[in-house]
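Enquirer: here you go, sequence then predicted model.
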Amino acid sequence: MINTRLIASVICTFLAVVMLVLGCVSPAQEQVNKGRPLSNPDHWDEAIAAYTKAIELDPKLAEAYYRRGKVYADKGDYDKAIADNTKAIEIDPKYVAAYCSRAYAYGKSGDLDKAIADCNKIMEIDPKNGYPYYLRGTAYAFKGDDDQAIADYTRAIELDPKLCMAYSNRADAYEKKGEKAKAEADLQMSIKCTY
């Protein structure tokens, strides 16, 4: 005989847990969610305001610092981007996206050695991620080390063949070295990659 009370109790408990999990977003996370679609040039200040509110509500929410830092980097305010991503990393030392964002900001601000150090850290945390090799290759290219840049772009492509920017940048590095055929091949791959 089926115990309908037990079955009803189990179903009600299950539904209550599902509703709790799905409907339980903290006010700080709601602000982060509000800021995501605003993280574009037309709404950067609104996004920053939403992420700032999230930080006020939960100062330990690493994602809020990362996302605000990313918007600051997009706006060209690299010092604030570095500070926010550093805070995100302090909260979550394995936050790969925050390292990527900070490496980008370091690179754009001209601190190539710190950008390279962040890329190295990402590679330790997530060795199958091609993006830090692309970033590090770009830093080496700006330092004038085309051989290391080519090696990093090559590794980025091996890990992520759809990382189109790596083909394009490797073509530039080959061009600087006078390797025209390799540069042309990479430019063709870059074009194919984007379509």
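Expert: Right, received. Where do you want to start? Residues are numbered from 1 along each chain as shown.
Enquirer: going by C-alpha atoms from here, please, whenever you check contacts or count neighbours.
Expert: Will do.
Enquirer: list the contacts of Asn169.
Expert: Each residue near Asn169 by Cα atoms under 8 Å, 6 or more residues apart in numbering is listed here: Thr138, Tyr153.
Enquirer: same thing but 10 Å
Expert: Shown in contact with Asn169 (Cα atoms under 10 Å, 6 or more residues apart in numbering): Tyr134, Gly137, Thr138, Ala141, Ala149, Ile150, Tyr153, Glu175, Ala183, Asp186, Leu187, Ser190.
Enquirer: tell me how far it lies from Asp113.
Expert: Distance, Asn169 to Asp113, using Cα to Cα, to the nearest Å: 19 Å.
Enquirer: what do you get for Asp160?
Expert: Relative to Asp113, and taking Cα to Cα, Asp160 is found at 24 Å.
Enquirer: cool, and Ala166?
Expert: For Ala166 relative to Asp113 (Cα to Cα), the value is 20 Å.
Enquirer: neighbour count winner among the two?
Expert: Ala166 (30 against 16; other Cα atoms under 10 Å).
Enquirer: spatially speaking, which residue is in the middle of the chain?
Expert: For the chain, Ala97 is the residue whose C-alpha lies nearest the centre (Cα atoms, centre = their mean; 3.5 Å).
Enquirer: for it, report the pLDDT, please.
Expert: Ala97 is assigned 96 on the pLDDT scale.
Enquirer: buried set for stretch 170-187?
Expert: Using 16 or more other Cα atoms under 10 Å as the test for burial, stretch 170-187 gives Arg170, Ala171, Asp172, Ala173, Tyr174, Glu175, Lys182, Ala183, Glu184, Asp186, Leu187.
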